[in-house]
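> pasting the sequence and the predicted model now:
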Amino acid sequence: MADTIYDVDVNEARRDMAALFRWTARERLHEGIANHFSMAVTSDGQQFLMNPYGIHFSKIKAKDLLLLDATTTPDSADGIVDITAWGIHGAMHRNNPAARVILHLHSPYATAFTCLKDPHLPPIDQTTARYFNRLAYDSGFDGMGIGDEGERLSHLLGNQRTLVMGNHGVLTAGQTPAIAWDLMYHMEVGCRNYMLALATGQPLAVMDDGVAEKTAQQWEGYEEMAPYHLAAIRRILDEEEPDYAELAAA
């Protein structure tokens, strides 16, 4: 693989991503050794880090992440690569070079939400309002990301950063690990709030469009705080699980 790494500190990228795997496990948003996160580390977006198959989220270390090329099908020399992960993340990075960090989860509430006949998230509180008119939708689930499924999914994100994958899960894309994680975390919280509100059987108090849009814009202005969210996670892990940050020997 080419050595050209643009303005990304790859070691810190590995540590940020490893921290997200560990924290996802703590939040119980993962699915065993399934689900995948990836981060582009070259200026063209084609070379990216991704977790290998077979390591539990709670045990991933910075050194474990594979460096893959979206234009080249991985072989055994690249480590153990989940075929569904390659299908989705390879296509996403290949076709969306501006989407630097891609997180895909089958988190409990968001996945339950994607199983609704009408998986559109209404602005019922300030968290759900973050996604007002800011979600891309996939209603054409056609299997587990093998074959053409990843290619199909890669063309659905458009100019949005969160993809609701019907009958499947959720994907977020951000310029940094911090933003992609903040979007994913709050999407799960928003879906949880919505599903719990639905469970009451009571009518929902949906915001009017003007208030929802105002709130969404306020969230966008607040995204400068996302790095603080990730930094807080890393401080806890530095104290309690410092091995997450281990790098391969030089």
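Noted; the coordinates are in hand.
> CA atoms for contacts and neighbours, from now on please.
Noted.
> those helices in this structure, which residues are they?
10-26, 83-85, 91-95, 108-114, 126-129, 149-154, 177-199, 209-221, 226-240 (DSSP state H).
> now those as a markdown table including distance to residue 163 and mean neighbour count?
Formatted as a markdown table, the helices of the chain follow (distance: least, Cα to Cα, whole Å; neighbours: other Cα atoms under 10 Å):
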| stretch | distance to residue 163 | mean neighbour count |
| --- | --- | --- |
| helix 10-26 | 18 | 21 |
| helix 83-85 | 16 | 20 |
| helix 91-95 | 12 | 23 |
| helix 108-114 | 10 | 22 |
| helix 126-129 | 14 | 21 |
| helix 149-154 | 9 | 20 |
| helix 177-199 | 10 | 20 |
| helix 209-221 | 16 | 16 |
| helix 226-240 | 19 | 15 |
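> minimum distance to residue 63: which of the ones you listed has it?
Among the helices of the chain, helix 10-26 comes nearest to residue 63, with 7.1 Å by Cα to Cα.
> got the angle between that closest one and helix 177-199?
20 degrees (axes from the mean of the first three to the mean of the last three Cα atoms, to 10 degrees).
> what helices or strands is helix 10-26 leaning on?
Counting by 3 or more Cα pairs under 8 Å, 6 or more residues apart in numbering; DSSP states H and E, the packing neighbours recorded for helix 10-26 are strand 36-40, helix 177-199, helix 226-240.
> what would these look like in a markdown table with mean pLDDT?
Formatted as a markdown table, the helices and strands packed on helix 10-26 follow (pLDDT from 0 to 100):
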| stretch | mean pLDDT |
| --- | --- |
| strand 36-40 | 96 |
| helix 177-199 | 97 |
| helix 226-240 | 97 |
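> and those as TSV, adding distance to residue 50?
Formatted as TSV, these follow (distance: least, Cα to Cα, whole Å):
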stretch	distance to residue 50
strand 36-40	4
helix 177-199	12
helix 226-240	18
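> out of the ones you listed, the one nearest residue 58 is which?
Evaluated over the helices and strands packed on helix 10-26, closeness to residue 58 peaks at helix 226-240, with 11.2 Å, by Cα to Cα.
> next up, the contacts around the residue nearest to the spatial centre of the chain.
The residue lying closest to the centre of the chain (Cα atoms, centre = their mean) is residue 103, at 1.8 Å. The contact partners of residue 103, by Cα atoms under 8 Å, 6 or more residues apart in numbering, come to 36, 37, 38, 171, 172, 173, 180, 181, 184.
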